[in-house]
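# take this sequence and fold it.
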Amino acid sequence: MDGQQARTDDDRIVVHVIAEFSAKEAMGRTVLETARRVPGRHHLITSAAHDTADAFVEVHELGGPMLTFPLQVRAPLADVLRRLRPDVVHLHAGALGPLLALATELKDFPLVTTVYAWPSLPRPNAWRRASLAEMRQSNVLQPRVVATTVLPPVAVRAALRRSGTSAVLSPDPRVLKRLGSSVGDAPVERLPSGAPRDDRRAHRDEAAPVVVFAGRAETVRGVDTLLEAFPRVRAAVPGARLRLLLIPRPELDDILGRTDAAGMGDAIDVVTTPVPDLLEELAAAQVGVWPFKFDYVTSPPAMAVAEAMSVGLPVVSTDVACVRAVVRPGIDGVVVPPADPRALADGIIALLRHAPSWQKYADAGPLAMAERFGWDRAAEVTGRAYSRASSGLRS
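Okay, here's the model as predicted:
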């Protein structure tokens, strides 16, 4: 950066580095919304980009294994960075990211790091909630989770300092707790990401209410718990229907078999192709349900939950970390224990049968998203971090 003339915010070059990009996943969506809202000329460096990248000047797909990205593509990474000469490099990663950055040329440029999650292995009493195979096919039991379970905060803090990180952002309260309020001179700040602004709103329907789930077809996300709970819901609210918007995963056929075995006929509607407008689907329902079984089945905050709340759809979910990052129990959502079909059913029934409770959460969701989790607020926080990095305020 020596000798490089300072650029305006609109002209500054921002390079986003993420192991794998998909706007349908929480991390990728955050990168995309950042590029759309924070002034600058945004570039993307990744192993592979799977979908829309219209917000970026260029997309650089370097290949290599996702688990250790960008460590094993150091040479092409260095070539791209030297050519672009970015004002800011924004690393999007988990808790291992700062250690990987130390071994690459990322540390040679003004650096902002977002640590999206610090997952750990489930506690012993939680392993009964899913089989070993089901956990291994999901985010719950991956090699990186084993590594971050034993990763000491002092190692991450040291890596952030040595890389000269100017600011650390995170949507995960666990990361904020482990890193503290600052690392050297670099502030550690909550990233309030997850929710769009939308004027559409869910409406109460007493005669034929729709209960919706949207997400990966995985047992760890509690789809089986929801299927087990739904007969109890139908017994209390005979007109209720269940709509499953499933992203295909290896367990899809098994989940479809469980759906057929439930014997609910046309009371259950399963969609396995991408819906053109998820917010429209959520606004057309009466209750959104995300009965996740483990803390980190997805990166905090659980994006679909936040989107449901943004259109005033009352939410029933479980007491796990990725949900706690967005839902305050009894304030803007109903929270029940994981893997408990009866409790889940009772939470759904309470909202469907009690109009004041339904309206309370329908009103609270959009307000919470606007005040705490809107993309515009995330852009403000990120913009400040970029200004700090490009002005040379490094740790």
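# so which elements touch the longest helix seen in the chain?
Taking DSSP state H as the assignment, the helix of the chain that covers the most residues is helix 375-390. Packing partners of helix 375-390 (3 or more C-beta pairs under 8 Å, 6 or more residues apart in numbering; DSSP states H and E): helix 26-37, strand 88-93, strand 111-115, strand 165-170, strand 186-190. Just so you know, the C-beta spots here come from the backbone N, C-alpha and C atoms, and that holds for glycine as well.
# just tell me which of these ends up closest to Ala308.
In this view, the helices and strands packed on helix 375-390 are compared for proximity to Ala308 by C-beta to C-beta, and helix 26-37 is the closest at 14.2 Å.
# which elements pack onto the closest one?
Contact partners of helix 26-37 among helices and strands, from 3+ C-beta pairs under 8 Å, 6+ apart: strand 13-18, strand 41-46, strand 88-93, helix 375-390.
# contacts for the last one, please.
With contact meaning C-beta atoms under 8 Å, 6 or more residues apart in numbering, helix 375-390 is reached by 6-7, 9, 12, 14, 30, 33-34, 37-40, 87-88, 90, 110-112, 166-167, 169, 187, 189-197.
# filter the residues you listed to the buried ones?
Among the contacts of helix 375-390, those scoring as buried are 12, 14, 30, 33-34, 37-38, 40, 87-88, 90, 110-112, 166-167, 169, 187, 189-196 (criterion: 16 or more other C-beta atoms under 10 Å).
# can the helices and strands packed on helix 26-37 go into JSON lines with extra columns for distance to Val323 and mean pLDDT?
JSON lines is the format used below for the helices and strands packed on helix 26-37 (distance: least, C-beta to C-beta, whole Å; pLDDT from 0 to 100):
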{"stretch": "strand 13-18", "distance to Val323": "23", "mean pLDDT": "98"}
{"stretch": "strand 41-46", "distance to Val323": "27", "mean pLDDT": "97"}
{"stretch": "strand 88-93", "distance to Val323": "21", "mean pLDDT": "97"}
{"stretch": "helix 375-390", "distance to Val323": "19", "mean pLDDT": "94"}
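# next structured bit after the strand or helix carrying Leu176?
Leu176 is part of helix 173-179, with elements assigned from DSSP states H and E. Once helix 173-179 ends, the next helix or strand along the chain (criterion: DSSP H and E) is strand 182-183.
# what pLDDT, on average, does that next one get?
Here the mean pLDDT over strand 182-183 is 95, rounded to a whole number.
# strand partners (parallel or antiparallel) of it?
The partner list of strand 182-183 in its sheet, established with DSSP bridges, is strand 186-190 (antiparallel).
# what does the strand it pairs with rub up against?
The contact list for strand 186-190 (C-beta under 8 Å, 6+ apart) reads 160-161, 165-171, 173, 176, 179-182, 381, 385, 388, 394-395.
# mind redoing it with 6 Å?
Strand 186-190 is contacted by residues Thr165, Ser166, Ala167, Val168, Leu169, Leu179, Ser181, Ser182, Val381, Ser395 when judged by C-beta atoms under 6 Å, 6 or more residues apart in numbering.
# quick check: the farthest pair among those residues?
Val381 and Ser395 (17.6 Å).
# now Leu102, what are its backbone angles?
Torsion angles at Leu102 (phi, psi; degrees, to the nearest 10) stand at phi -60, psi -30.
# ok, now how distant is it from Val211?
Here the criterion is C-beta to C-beta, to the nearest Å. By it, Leu102 lies 47 Å from Val211.
# neighbour count: those two, which is higher?
When Leu102 and Val211 are compared for neighbours, Val211 comes out ahead with 25 against 15, by other C-beta atoms under 10 Å.
# quick one: pLDDT of that one?
On pLDDT, Val211 comes in at 98.
# could you give the bridge partners of His42?
Beta-bridge pairing of His42 under DSSP bridges involves Val14.
# surely it touches Phe56?
Yes - with contacts defined as C-beta atoms under 6 Å, His42 counts as touching Phe56 at a distance of 5.2 Å.
# list the residues that contact Val14.
Listed by C-beta under 6 Å, 6+ apart, the contact set of Val14 reads Gly40, His42, Val88.
# make a ChimeraX selection of whichever of the contacts of strand 186-190 turn out to be buried.
Taking 16+ other C-beta under 10 Å as the burial criterion, the selection of buried members of those in ChimeraX is written as:
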select :165,166,167,168,169,179,381,395
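# show me where the chain has strands.
Secondary structure of the chain by DSSP state E: the strands cover 13-18, 41-46, 58-61, 88-93, 111-115, 165-170, 182-183, 186-190, 210-216, 241-247, 268-271, 287-290, 315-318, 334-336.
# now those strands as a markdown table including distance to Ala350?
Listed next are the strands of the chain as a markdown table, based on distance: least, C-beta to C-beta, whole Å:
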| stretch | distance to Ala350 |
| --- | --- |
| strand 13-18 | 40 |
| strand 41-46 | 43 |
| strand 58-61 | 46 |
| strand 88-93 | 38 |
| strand 111-115 | 36 |
| strand 165-170 | 33 |
| strand 182-183 | 43 |
| strand 186-190 | 31 |
| strand 210-216 | 13 |
| strand 241-247 | 17 |
| strand 268-271 | 21 |
| strand 287-290 | 10 |
| strand 315-318 | 9 |
| strand 334-336 | 7 |
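# just list whatever residues bridge to the nearest residue to Leu176 once chain neighbours are set aside.
Counting by C-beta to C-beta, 6 or more residues apart in numbering, Ser170 is the residue found nearest to Leu176 once chain neighbours are left out, at 5.7 Å. Counting by DSSP bridges, Ser170 forms beta bridges with Arg190.
# the residue nearest to Glu33 when sequence neighbours are not counted: how many residues sit nearby?
The spatially closest residue to Glu33, leaving aside those adjacent along the chain, is Trp375, at 4.6 Å (C-beta to C-beta, 6+ apart). Each residue near Trp375 was counted by other C-beta under 10 Å, and the total is 22.
# just Leu352 next, same as before
A count of nearby residues for Leu352, using other C-beta under 10 Å, gives 23.
# in this structure it contacts Val210, no?
No - under the criterion of C-beta under 6 Å, Leu352 is not in contact with Val210, lying 10.1 Å apart.
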